[in-house]
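Novice: 3D model of this:
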Amino acid sequence: MSTNEPARPAAADYEKALVRSDQRVAEFEEDAPTPLMRLQRMLHSQPTLIPGIVLLLGVLMFSVIVGERFLDPFNLSLIVQQVTIIGILGVAQTIVVLTAGIDLSVGAIMVLTSVVMGKLAVGGGVPAPLAVSAGLIVGMVCGWINGVLVTYVRLPPFIVTLGTWSVFFALNLWYSESETIRAQDIETEAPLLQFFGTAVDLGQARLTFGSIFMLLLCLLFGYMLNRTAWGRHVFAVGDDPDSARLAGIRTERTLLSVYSLAGLVCGLAGWALIGRIGSVSPQAGQTGNLDSITAVVIGGTSLFGGRGAILGTLIGALIVGVFRNGLALSGVNVLWQEFTVGILIIVAVAIDQWLRKATS
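Specialist: Numbers count the residues shown, from 1 in each chain. Purely as a prediction, here's the structure:
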């Protein structure tokens, strides 16, 4: 062996070097998650958990404050009836918000479709089934217009739907001539329009076909979002549209289908609205857009898209109904009922912001 060849380090030196290397690597390892971080991640993966807890606490609180009147089966079923329209519109709003959009025109579309159904079926000479179909088509076309402007013209959803809200509301007033179609006329010429107002007694409780339809619609869209490729595409587009596009998802087609379906659901809400109030009024349901957003936000759906559930929206609508009903039975002024709902919205958005940090 040549005397100029450097001596090889001993095995012990190798072991010491490896230990020092492991120590340096360990310095960069992530700290173990704290209990608060684990709670944050769990709530982020279960968006309906917090709304469910709030609903349960609300029921328990008012059962203590109000007593048996609140827990009476008829009163509880009345709450479900009161949130029927909000729940149906909430379905349409949820699928739009899941794509990181928003639809301020849902209330205007709902009223416009109800007016189309009423004008065609009562005094228009059109059979009620065709009038209902025409109203649903009008709703889908309105949603499709929103989708085209958002998807292909690349306008912000907030601005688009704010503008179409005014357009659809103006069309509603023009077509209806600001006249209400009386319930008596509907009963005589087109009783099908009041179908969703038919009540069914279930023991001491009473539900309408509209309330039952709301529950079935929530089940249907819950299945579509969680068990179909379309639903996975909706979540992917809302979470990261660029990544979804690179993954082969046709984001434009997905967005257009979402807004078109939302318009169709608004048409169904218009039909249910006729059954709810018994007549066709161009002034009814004007707060539907804000009420639907309230249900979606309180229900745990993120306004930034990609996280939420139809069940959460239903729970959010029920939370609003429970608090308004419980406060009314407690003798609280309507002013403070709206104050409470506003606080719930702010708290829900604050929680959403906190949960988003779980993925940052």
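Novice: Going by residue numbers, what spans are helices in the stretch 1-150 of the chain?
Specialist: Ranges of helices in the stretch 1-150 of the chain, per DSSP state H, counting those that start in this stretch, are 11-27, 35-45, 49-65, 68-71, 73-82, 84-97, 106-121, 128-151.
Novice: Include mean neighbour count and distance to residue 310 when you put the ones you listed into TSV, please.
Specialist: All C-beta atoms are positioned from the backbone trio N, CA, C, and that covers glycine. Shown next, in TSV, are those (neighbours: other C-beta atoms under 10 Å; distance: least, C-beta to C-beta, whole Å):
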stretch	mean neighbour count	distance to residue 310
helix 11-27	10	45
helix 35-45	13	17
helix 49-65	16	12
helix 68-71	13	26
helix 73-82	18	16
helix 84-97	30	6
helix 106-121	29	15
helix 128-151	21	17
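Novice: can you redo those as a markdown table with mean pLDDT and distance to residue 158?
Specialist: Shown next, in a markdown table, are those (pLDDT from 0 to 100; distance: least, C-beta to C-beta, whole Å):
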| stretch | mean pLDDT | distance to residue 158 |
| --- | --- | --- |
| helix 11-27 | 52 | 46 |
| helix 35-45 | 67 | 25 |
| helix 49-65 | 87 | 24 |
| helix 68-71 | 88 | 38 |
| helix 73-82 | 92 | 28 |
| helix 84-97 | 95 | 11 |
| helix 106-121 | 95 | 13 |
| helix 128-151 | 96 | 10 |
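Novice: Please name whichever of those is nearest to residue 339.
Specialist: Judged by C-beta to C-beta, the one of the helices of the stretch 1-150 of the chain that comes nearest to residue 339 is helix 49-65, at 15.5 Å.
Novice: As TSV, the helices of the stretch 1-150 of the chain with distance to residue 256 would be great.
Specialist: Shown next, in TSV, are the helices of the stretch 1-150 of the chain (distance: least, C-beta to C-beta, whole Å):
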stretch	distance to residue 256
helix 11-27	49
helix 35-45	29
helix 49-65	30
helix 68-71	44
helix 73-82	33
helix 84-97	12
helix 106-121	16
helix 128-151	4
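Novice: Nearest to residue 192 among those helices would be which one?
Specialist: helix 128-151 (3.9 Å).
Novice: What is the closest one packed up against?
Specialist: Judged by 3 or more C-beta pairs under 8 Å, 6 or more residues apart in numbering; DSSP states H and E, helix 128-151 is in contact with helix 106-121, helix 157-176, helix 251-277.
Novice: So what's the gap between the longest one and the chain middle?
Specialist: Right, the one you point to is helix 251-277. Here helix 251-277 is found 12 Å from its chain centre; the criterion is C-alpha atoms, centre = their mean, to the nearest Å.
Novice: Give the next helix or strand downstream of that helix.
Specialist: Following helix 251-277 in sequence order, the next helix or strand is helix 288-298 (DSSP states H and E).
Novice: Name the next helix or strand following that next one along the chain.
Specialist: helix 310-329.
Novice: Can you dump the C-alpha atoms of that following helix in CSV for me?
Specialist: Output of helix 310-329 as CSV, limited to C-alpha atoms (Å, rounded to 0.1, in the frame of the first residue of the first chain):
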residue,chain,number,x,y,z
ILE,A,310,-75.6,20.1,1.7
LEU,A,311,-76.4,18.7,5.2
GLY,A,312,-74.6,21.6,6.7
THR,A,313,-76.8,24.1,4.8
LEU,A,314,-80.0,22.3,6.0
ILE,A,315,-78.7,22.5,9.5
GLY,A,316,-77.9,26.2,9.0
ALA,A,317,-81.4,26.9,7.9
LEU,A,318,-82.8,25.0,10.9
ILE,A,319,-80.5,27.0,13.2
VAL,A,320,-82.0,30.2,11.9
GLY,A,321,-85.5,28.8,12.2
VAL,A,322,-84.9,27.5,15.8
PHE,A,323,-83.4,30.8,17.0
ARG,A,324,-86.2,32.9,15.4
ASN,A,325,-88.9,30.6,16.7
GLY,A,326,-87.4,30.3,20.2
LEU,A,327,-86.8,34.0,20.5
ALA,A,328,-90.4,34.8,19.3
LEU,A,329,-91.9,32.4,21.8
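Novice: pLDDT of the helix or strand following it, averaged?
Specialist: As assigned by DSSP H and E, the chain's next helix or strand after helix 310-329 is helix 334-356. For helix 334-356, mean pLDDT rounds to 79.
Novice: Who are the packing partners of helix 334-356?
Specialist: Helix 334-356 packs on helix 35-45, helix 288-298, helix 310-329, going by 3+ C-beta pairs under 8 Å, 6+ apart.
Novice: Off-centre distance for it?
Specialist: Relative to the centre of its chain, helix 334-356 is centred 15 Å away, using C-alpha atoms, centre = their mean.
Novice: Same check on stretch 49-60?
Specialist: Counting by C-alpha atoms, centre = their mean, stretch 49-60 comes out at 18 Å from the chain centroid.
Novice: got it, and stretch 125-134?
Specialist: Offset of stretch 125-134 from its chain centre (C-alpha atoms, centre = their mean): 29 Å.
Novice: what does stretch 233-246 give?
Specialist: With C-alpha atoms, centre = their mean, you get 19 Å for stretch 233-246.
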